[in-house]
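Peer 1: Provided below are the primary sequence and the corresponding predicted coordinates.
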Amino acid sequence: MMKKKPTPLSPVTPHADREEALADYVLTHISPEDEYLHRLYRATQTQLLYPRMASGHLQGRLLRMLMQMIRPRLVLELGTFSGYSALAMASGMEAGGRVITFEVNDEQEDFTRPWLEAAPYEARVEMIVGDAAQVLPTLGIVFDVAFIDANKRDYCDYFELVLPYLRPGGFLIADNTLWDGHVVDAAYDRDAQTLGIRAFNDLVAHDPRVETVILPLRDGLTLIRKRYYVV
């Protein structure tokens with residue numbers, strides 16, 4: 001009896017290569033990046049330190065679609081950076097909608113404000129340079145959506161700051177909540193930023209005022225909905 005030849009094994013794709021291939025696949029199978037946002041992203045990469053802080057095509061498209069789904073009138077953002085996320089959200093909002101974005105680093109203003117003002121939806125974005133903890137209570141505004149993408153060690157404080165100004169049924173979106181995987185890496189047990197994100201994730205997961213889901217998108221994106229009443 002002749003023995004069957006063994007079936008050749010499929011080549012094993014290294015994990016890192018597979019992740020990169022999947023990321024490229026995703027980007028080629030979603031709606032194309034807005035031309036203005038593409039130029040802003042390129043400028044962010046070439047002109048700013050830590051350009052990875054910008055949301056980019058995939059997250060920008062998700063933020064735009066979330067705005068189209070929620071249809072907010074007022075959006076609060078903590079952490080403007082280059083303005084990419086603010087403009088991505090503004091691009092998905094209806095006429096009359098407005099994004100109020102806070103940036104505590106005044107050195108960022110020279111780069112970001114011209115991009116906000118030249119955007120095709122610039123009337124929907126207002127940039128405030130200053131400390132949101134001091135300014136926000138003076139505005140007397142209730143928001144439909146809040147987006148947090150600022151200092152990671154202060155996320156719990158931001159959550160408590162923003163929640164009273166978010167309407168019941170409104171949404172809070174928090175970026176970087178997996179923190180490059182450091183949230184499950186013991187090597188970062190003494191890192192202040194990682195500890196801040198871990199504390200925030202623990203807080204919102206058990207807070208009866210909200211319901212929460214973490215999307216393992218990019219660096220982790222948490223969607224939080226403020227309940228109409230505490231269960």
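Peer 2: Perfect, thanks for sending it. Because the structure is a prediction, the values reported are computed rather than measured.

Peer 1: so what secondary structure elements neighbour whatever helix or strand Thr101 lives in?
Peer 2: Taking DSSP states H and E as the criterion, the element that holds Thr101 is strand 98-103. Here strand 98-103 touches strand 74-78, helix 84-91, strand 125-129, helix 132-139, going by 3 or more C-beta pairs under 8 Å, 6 or more residues apart in numbering; DSSP states H and E. For glycine as for every other residue, the C-beta is placed from the backbone atoms N, C-alpha and C.

Peer 1: Residue ranges in the chain under the pLDDT threshold?
Peer 2: 1-13, 231 (pLDDT under 70).

Peer 1: Spatially central, which residue of it would that be?
Peer 2: Asp175 (3.8 Å; C-alpha atoms, centre = their mean).

Peer 1: What count of nearby residues applies to Ile104?
Peer 2: Small correction: residue 104 is Val, not Ile. Neighbour count for Val104, taken as other C-beta atoms under 10 Å: 16.

Peer 1: How many residues are close by the closest residue to it other than its chain neighbours?
Peer 2: In this structure, Val104 finds its nearest non-sequential neighbour in Asp131, 5.8 Å apart by C-beta to C-beta, 6 or more residues apart in numbering. Neighbours of Asp131 under the rule other C-beta under 10 Å: 10.

Peer 1: Phe147 is in contact with the residue nearest to the centre of the chain, correct?
Peer 2: Yes - contact criterion C-beta atoms under 8 Å: Asp175 and Phe147 qualify, at 7.3 Å.

Peer 1: Quick check: neighbours shared by the two?
Peer 2: Common neighbours of Asp175 and Phe147, using C-beta atoms under 8 Å, 6 or more residues apart in numbering, are Ser85.

Peer 1: partner strands of whichever strand or helix holds Phe147, parallel or antiparallel?
Peer 2: Element membership for Phe147 (DSSP H and E) is strand 143-148. According to DSSP bridges, strand 143-148 forms sheet pairs with strand 74-78 (parallel), strand 166-175 (parallel).

Peer 1: Highest mean neighbour count out of the ones you listed?
Peer 2: Of these, the one with the most neighbours on average (mean count of other C-beta atoms under 10 Å) is strand 74-78, at a mean of 25.

Peer 1: what pairs with the residue nearest to the centre of the chain across the strands?
Peer 2: Under the criterion used (DSSP bridges), Asp175 bridges to Leu221.

Peer 1: who touches it in this structure?
Peer 2: The contact partners of Asp175, by C-beta under 8 Å, 6+ apart, come to 55, 59, 85, 147-149, 219-221.

Peer 1: try Phe111
Peer 2: 43, 47-48, 82.

Peer 1: In three-state terms, how would it be classified?
Peer 2: Under DSSP: H, G, I helix; E, B strand; the rest coil, the three-state class of Phe111 is helix.

Peer 1: same check, this time on Asp219
Peer 2: Applying three-state DSSP: Asp219 is coil.
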